[in-house]
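Peer 1: can't give you the sequence, but here's the structure:
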């Protein structure tokens, strides 16, 4: 019944938790960023599925089209995607600088080096 | 022209930032940013005066009426926060040139100024807007630029601090995004005033409750509410001095403002406090923050880190006032937001002066600083008295109102915890004072007076002086804060 009918939300939740878990548990800075990306993508999907109207078509204004998906959440999430790209780019740039400064991208190794100072 | 001031306030720093890059000359970029920041400060004061005089200002972006277009809405609360942010930006930029010369390589200085302006844009935007998705966009503008600013710190530890801040900050803002999405799902609107109305009939649904939870946790991460504060100490400690001063004085305050908006304007106290009992969760947490963070501060060897933990404790005070949800409590919170912005801003500028001369703000390197840098350390002492809450300082005023609010409600244990935390503040401030005044300076520089340049000392004293002025003339911030509290409790923005 309903539980399967809302399968897109199940996908969202699974992705969200996968990403979140990866961010928390992985010590590798690149893997953390990958987790963060999965986490963000799940939210993109949440917004996109929110705008879908059952039986609706693409929101194009034309004769004969009466039911169409709500384009508004899609536009919103475009902004969030851009933000996500910027965040990832910045995160990777920081990782490169960390690699140059510490010669490692493993979190515990960085902690060790910090504590030795 | 004057009706467009709300949008100008955000547009000016936004447009000025790329011009800094085009100028490419460090001095020119700084003069430009400095001018802009003072114009923004002037505009924000004018707006506050207008709001206090004429009431709420509505501004529809591009002439599109809300809820279709983005609306800016100014009430006493956010007009007040705008002034706090703009004033701090203006003073910190006055401090910047010498400090940048000392800490940032020549080829990056104008870029730091550019990112600083973007950060200012983000903070002003979050504060002024009346549209929740717009909040998210500006939140990310502010967040991304603050990660960059933190990573500019002089040691490599700034990089790992910035990375950690990025991870935590992104989780926080993604939570906020989820919350906004869920609210939109139930109501079909993003306008705050509209949301407040349309959420009421669907308030019992699990979607709305989840939205509220995501928003609260997300904002709490951004605000560094204990125990979600772990990004803050490193970010404050390893960032360049001017960045520490500006982030410490504004970023957590703006996030606290956002929490006020979410709880009081969008969801309303009936839902947040009477149905969900959020105060029963936040009040103990905030009091834990004041005690535990102050205790941690006592054991720090790096004075910047000590101040960072003290910030976490001060956020606890603000949230405690919010949980009381009375006019006095909110007044105390909002006044504390104002006072603490200047106290911490001033103290971090003092740290900048010390770092300029001593190349370190570790406790052991501050030995004898009271003798070699008397004016700088005097500013620190006054800032410290503010943190403790000694009468005649601004810090006293806000704590007075918070204690008063707790007494009104009969929460004596809250009063006890607040006083305990103030005693802990005495200890951590005293540790610095003792080292600076009662230990002899290191060999070789006994007689030399080594004050930081005047261009750094004056801004630091401006901030610290403001805390003294507003400690005596307390009716100014308290009056505005009371109006803001009334407008929050009066329902609707």
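Peer 2: Structure received. Since the structure is predicted, the reported quantities are computational estimates derived from the model, not experimental observations.
Peer 1: where does chain B come near chain A, residue by residue?
Peer 2: When proximity is defined by Cβ under 8 Å from any Cβ of the partner chain, chain B lies next to chain A at B:133, B:136-137, B:140, B:144, B:147-148, B:151, B:156-157, B:159-160, B:162-163, B:166-167, B:170-171, B:174, B:177-178, B:181, B:184-185. C-beta here means a position set from N, CA and C on the backbone, and glycine is covered the same way.
Peer 1: So which of those belong to helices?
Peer 2: Those of those mapping onto helices are B:133, B:136-137, B:140, B:144, B:147-148, B:151, B:157, B:159-160, B:162-163, B:166-167, B:170-171, B:174, B:177-178, B:181, B:184-185, per DSSP state H.
Peer 1: What residues does chain A have near chain B?
Peer 2: Checking chain A against chain B by Cβ under 8 Å from any Cβ, the hits are A:20, A:23, A:29, A:32, A:36, A:39-40, A:43, A:46-47, A:50, A:73, A:76, A:79-80, A:83, A:86-87, A:90-91, A:94-95, A:97-98, A:101-102, A:110, A:114, A:117.
Peer 1: Any of those residues buried? List them.
Peer 2: Buried members of those, counted by 16 or more other Cβ atoms under 10 Å in any protein chain shown: A:20, A:23, A:29, A:32, A:36, A:39-40, A:43, A:46-47, A:50, A:73, A:76, A:80, A:83, A:87, A:90-91, A:94-95, A:97-98, A:101-102, A:110.
Peer 1: Got the confidence number for the closest residue to residue B:312 other than its chain neighbours?
Peer 2: Spatial nearest neighbour of residue B:312, excluding adjacent residues (Cβ to Cβ, 6 or more residues apart in numbering or on different chains): residue B:293 at 3.8 Å. Note for residue B:293: predicted pLDDT of 90.
Peer 1: Could you report the neighbour count for whichever residue of chain B sits closest to chain A?
Peer 2: Chain A sits closest to residue B:156 of chain B, with a gap of 3.8 Å, by Cβ to the nearest Cβ. Using other Cβ atoms under 10 Å in any protein chain shown, the number of residues around residue B:156 comes to 18.
Peer 1: That one: what's it in contact with?
Peer 2: Remark: with contacts taken as Cβ atoms under 8 Å, 6 or more residues apart in numbering or on different chains, residue B:156 is in contact with A:98, A:101, A:102.
Peer 1: what are the ranges of the helices in chain A?
Peer 2: Under DSSP H, chain A gives helices at A:2-5, A:7-25, A:29-51, A:71-102, A:107-116.
Peer 1: Packing partners of the third one?
Peer 2: For helix A:29-51, the packing partners by 3 or more Cβ pairs under 8 Å, 6 or more residues apart in numbering or on different chains; DSSP states H and E come out as helix A:7-25, helix A:71-102, helix B:157-187.
Peer 1: Tell me the buried residues in the one helix or strand the residue nearest to residue B:312 maps to?
Peer 2: In this assignment (DSSP states H and E), residue B:293 forms part of helix B:278-298. With burial defined by 16+ other Cβ under 10 Å, the residues of helix B:278-298 counted as buried are B:278-279, B:282-283, B:285-287, B:289-298.
Peer 1: and if you look at stretch B:353-373?
Peer 2: For stretch B:353-373, by 16+ other Cβ under 10 Å, it's B:353-358, B:361, B:363, B:365-373.
Peer 1: Now do that stretch, average pLDDT.
Peer 2: Per-residue scores along stretch B:353-373 average to 81.
Peer 1: what ranges of the stretch 101-250 of chain B fall below the confidence cut-off?
Peer 2: For the stretch 101-250 of chain B, no stretch is flagged by pLDDT under 70.
Peer 1: Would you point out which residue is most central in chain A?
Peer 2: Geometric centre of chain A, nearest residue: residue A:40, 1.7 Å, by Cα atoms, centre = their mean.
Peer 1: what sits against it?
Peer 2: By Cβ under 8 Å, 6+ apart, the contact list for residue A:40 reads A:19, A:80, A:84, A:87, B:170, B:174.
Peer 1: Per-residue pLDDT of it, please?
Peer 2: Looking at residue A:40, the pLDDT reads 92.
Peer 1: Residue B:389 too?
Peer 2: 84.
Peer 1: before we move on, what about residue A:18?
Peer 2: Reported pLDDT for residue A:18: 92.
Peer 1: Contact partners for the residue in chain A that chain B sits nearest to?
Peer 2: Nearest to chain B, among the residues of chain A, is residue A:101, at 3.8 Å (Cβ to the nearest Cβ). The neighbourhood of residue A:101, defined by Cβ under 8 Å, 6+ apart, consists of B:156, B:159.
Peer 1: Same check on residue B:226?
Peer 2: Here residue B:226 is in contact with B:285, B:286, B:288, B:289, B:292, B:293, B:312, B:315, B:316 (Cβ under 8 Å, 6+ apart).
Peer 1: And residue B:382, by the same measure?
Peer 2: Listed by Cβ under 8 Å, 6+ apart, the contact partners of residue B:382 are B:393, B:464, B:467, B:468.
Peer 1: Ends of stretch B:148-160, what's the gap?
Peer 2: One end of stretch B:148-160 sits 12 Å from the other (Cα to Cα, to the nearest Å).
Peer 1: Check stretch A:62-75 too.
Peer 2: 20 Å.
Peer 1: ok, residues contacting it?
Peer 2: A:47-48, A:50-53, A:55-60, B:181, B:184.
Peer 1: Show me what the mean pLDDT comes to for that stretch.
Peer 2: On average, stretch A:62-75 scores 80.
Peer 1: could you dump the helices and strands packed on helix A:29-51 to TSV with distance to residue B:84?
Peer 2: Below are those laid out as TSV (distance: least, Cβ to Cβ, whole Å):
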stretch	distance to residue B:84
helix A:7-25	33
helix A:71-102	26
helix B:157-187	21
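Peer 1: if you compare those, which one is most tucked away?
Peer 2: Comparing the helices and strands packed on helix A:29-51 by mean neighbour count (mean count of other Cβ atoms under 10 Å in any protein chain shown), helix B:157-187 comes out on top with a mean of 24.
Peer 1: distance between the next helix or strand after it and the chain's centre?
Peer 2: Next along the chain after helix B:157-187, taking DSSP H and E as the criterion, comes helix B:192-199. Distance of helix B:192-199 from the chain centroid (Cα atoms, centre = their mean, to the nearest Å) equals 27 Å.
Peer 1: cool, stretch B:354-374 as well?
Peer 2: 26 Å.
Peer 1: can you check stretch A:94-102 too?
Peer 2: 23 Å.
Peer 1: Now do the strands in the stretch 1-150 of chain B.
Peer 2: B:57-60, B:71-74 (DSSP state E, counting those that start in this stretch).
Peer 1: which strands and helices sit next to the first one?
Peer 2: Pointing back at strand B:57-60 there. Partner elements for strand B:57-60 (3+ Cβ pairs under 8 Å, 6+ apart): helix B:5-23, helix B:26-54, strand B:71-74.
Peer 1: Any buried residues in the longest one, and which?
Peer 2: Of the residues in helix B:26-54, B:26, B:29-30, B:32-34, B:36-41, B:43-44, B:47-48, B:50-51 count as buried by neighbour count, 16+ other Cβ under 10 Å.
Peer 1: And for the last one?
Peer 2: Residues of strand B:71-74 classed as buried: B:71, B:72, B:73, B:74 (neighbour count, 16+ other Cβ under 10 Å).
Peer 1: Run through who's touching it.
Peer 2: By Cβ under 8 Å, 6+ apart, strand B:71-74 touches B:6-7, B:47, B:51, B:56-61, B:82, B:128-131, B:191-193, B:493.
Peer 1: and that strand, what's its mean pLDDT?
Peer 2: Mean predicted confidence for strand B:71-74 is 87.
Peer 1: again with stretch A:87-101
Peer 2: On average, stretch A:87-101 scores 92.
Peer 1: same question, stretch B:42-50
Peer 2: Average pLDDT, stretch B:42-50: 90.
Peer 1: Can you read off the pLDDT for residue A:116?
Peer 2: Reported pLDDT for residue A:116: 79.
Peer 1: neighbours around it, how many?
Peer 2: Count around residue A:116 with other Cβ under 10 Å applied: 6.
Peer 1: what's the spacing between it and residue B:117?
Peer 2: Residue A:116 sits 37 Å away from residue B:117, going by Cβ to Cβ, to the nearest Å.
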